[in-house]
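Student: quick check, what structure comes out for this input:
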Amino acid sequence: MALSEKEITLLREVVSLPAAPFCELAVQDYVRNWSKNNNFDCIEDKVGNLLIGTPQQIRSWSGSGLASGKNSNPAKVSAKAPWVLQAHMDHPGFELIACKGTTAKAWFRGGVDKKYFTGSKMIFIPVADTGIAPVRGVVKSAVKDKATGFLICSIRLQKAVEMPARTLGMWDLNVWKQNNNNLSLRAADDLGGAAAVLLTLSRLKSRRAKRMPMGLLTRAEETGFVGAVAACKSGLVKKDCPIIGIETSKAQPAAPLGKGAVIRLGDKMSMFEPGLTMVLRRVADNVLASRSNKILAKKGDGFAYNAALMPGGSTESTLMALMGYHTCAVCLPLGNYHNMGTDKIAPEKITISDMSSLVELLAAVSQEVVSFDAENKLKDRLMKNYQKRKMFL
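Tutor: Numbers count the residues shown, from 1 in each chain. Okay, here's the model as predicted:
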């Protein structure tokens, strides 16, 4: 099912929000308001990670002090548990340290090569209640801070202005540009993932689906999963819920832009849980089979998916697995990962058709009661084969 105009509007609103590590206020406010307006509960832990669900889900599947933080075996997935769709709210960006006249000093947090900084244009975006208009600047230098590992940037502002410390900044790029199926965005990673969570919840609610997933949105992923660690330690979600990590991940030869959503088998650090990944693949194959026999009247109304390792970055699914959760992952293929173009800062790129396929996959898998029957049958078949042929060893 292609994205409707209403869904594209929601996507545009989310990816247009200003966000940087530790500066996710605009996204948090949007999600809280969206949840209220759509009759979902939205709760948060003490650092501002958000959990969205029905009132009954929040009562049943959120807790505190449930995760030890140790690499222990996870609790068994409950057949009653809803799927949890997890994404992060930040994007690599700036945070103001201080400014004087037309000179500003700011942190930059997130994985962008130093060669992209000098001479690149950026923009500070004060929160609305300060009454200060956005202020543009040009990065003059970027030096790594040994204590934190973050970059400290010197920036020449377009005009002298007073801004409060901690004002966020982003690269000065078009927020949204659409060319048919193709989107060029200031930030797709991971506002695109956050949008996919809300789009899936909205679509299932409109369908009056029997099973609703929950949404988990975390902070400061770009600084080493800091928000996700806090969410695990607080037990914001119980360990017997299956969790699907949703990312926009650097496109790969086996998973290029425009060829569908990606079932992510792993990232550059680890592989994800085989049982849950098998469920994802089975559901995707079922959706593909049901769609392939239809005459698709509109471009972009098809469904497509790939399964790939996606080693271009890391994801919170790895962290949450280490913390004792059941995890698997999906993603959107991403062009100009972290705004790194061929030789300069550039918009990130995704496609509407890939987002459409991703939302359709998430909606379908959300209806599944988690069962490892297929995994157990495969194991039984391999054991029977072993018994039949072990004498040849």
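
Student: residues in contact with the nearest residue to residue 348 once chain neighbours are set aside?
Tutor: Spatial nearest neighbour of residue 348, excluding adjacent residues (Cβ to Cβ, 6 or more residues apart in numbering): residue 188 at 4.1 Å. Heads up, the C-betas are built off the backbone N, CA and C, glycines and all. Residues in contact with residue 188 (Cβ atoms under 8 Å, 6 or more residues apart in numbering) are 15, 248, 332, 334, 348, 349, 350.

Student: pLDDT wise, what is residue 188 at?
Tutor: Residue 188 carries a pLDDT score of 98 in this model.

Student: could you list which of the contacts of residue 188 belong to strands?
Tutor: 248, 332, 334, 348, 349, 350 (DSSP state E).

Student: show me where the stretch 51-200 of the chain has its helices.
Tutor: Per DSSP state H, counting those that start in this stretch, the stretch 51-200 of the chain has helices spanning 55-61, 191-206. These are given in chain order.

Student: just checking, what packs against the longest helix along the chain?
Tutor: If each helix of the chain is counted by residues according to DSSP state H, the longest one is helix 274-292. Contact analysis of helix 274-292 by 3 or more Cβ pairs under 8 Å, 6 or more residues apart in numbering; DSSP states H and E lists strand 242-250, strand 261-264, strand 305-308, strand 326-334, helix 352-365, helix 373-389 as its packing neighbours.

Student: can I get the ones you listed in a markdown table with mean neighbour count?
Tutor: A markdown table is the format used below for these (neighbours: other Cβ atoms under 10 Å):
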| stretch | mean neighbour count |
| --- | --- |
| strand 242-250 | 27 |
| strand 261-264 | 27 |
| strand 305-308 | 20 |
| strand 326-334 | 27 |
| helix 352-365 | 25 |
| helix 373-389 | 11 |
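
Student: lowest average pLDDT across the ones you listed?
Tutor: Across the helices and strands packed on helix 274-292, the stretch with the lowest average pLDDT is helix 373-389; it has a mean of 83.

Student: could you list every helix and strand in contact with that one?
Tutor: Contacting helix 373-389 under the criterion 3+ Cβ pairs under 8 Å, 6+ apart are the following elements: helix 274-292.

Student: low-confidence stretches in the stretch 51-200 of the chain?
Tutor: Where the stretch 51-200 of the chain drops to pLDDT under 70, the residues are 64-74.

Student: would you map the strands across it?
Tutor: Applying DSSP state E, counting those that start in this stretch to the stretch 51-200 of the chain gives strands spanning 84-88, 93-100, 103-109, 121-125, 135-144, 151-157, 168-171, 176-179, 182-185.

Student: pick the most deeply packed of these.
Tutor: Looking across the strands of the stretch 51-200 of the chain with neighbours counted as mean count of other Cβ atoms under 10 Å, the highest average goes to strand 84-88: a mean of 29.

Student: tell me, how many residues neighbour the closest residue to residue 345 other than its chain neighbours?
Tutor: Using Cβ to Cβ, 6+ apart and skipping the chain neighbours, the partner closest in space to residue 345 is residue 120 (4.7 Å). Residue 120 is surrounded by 19 other residues when neighbours are defined as other Cβ atoms under 10 Å.

Student: show the contacting residues for residue 120.
Tutor: Shown here is residue 120, whose contacts under the criterion Cβ under 8 Å, 6+ apart are 138, 139, 171, 344, 345.
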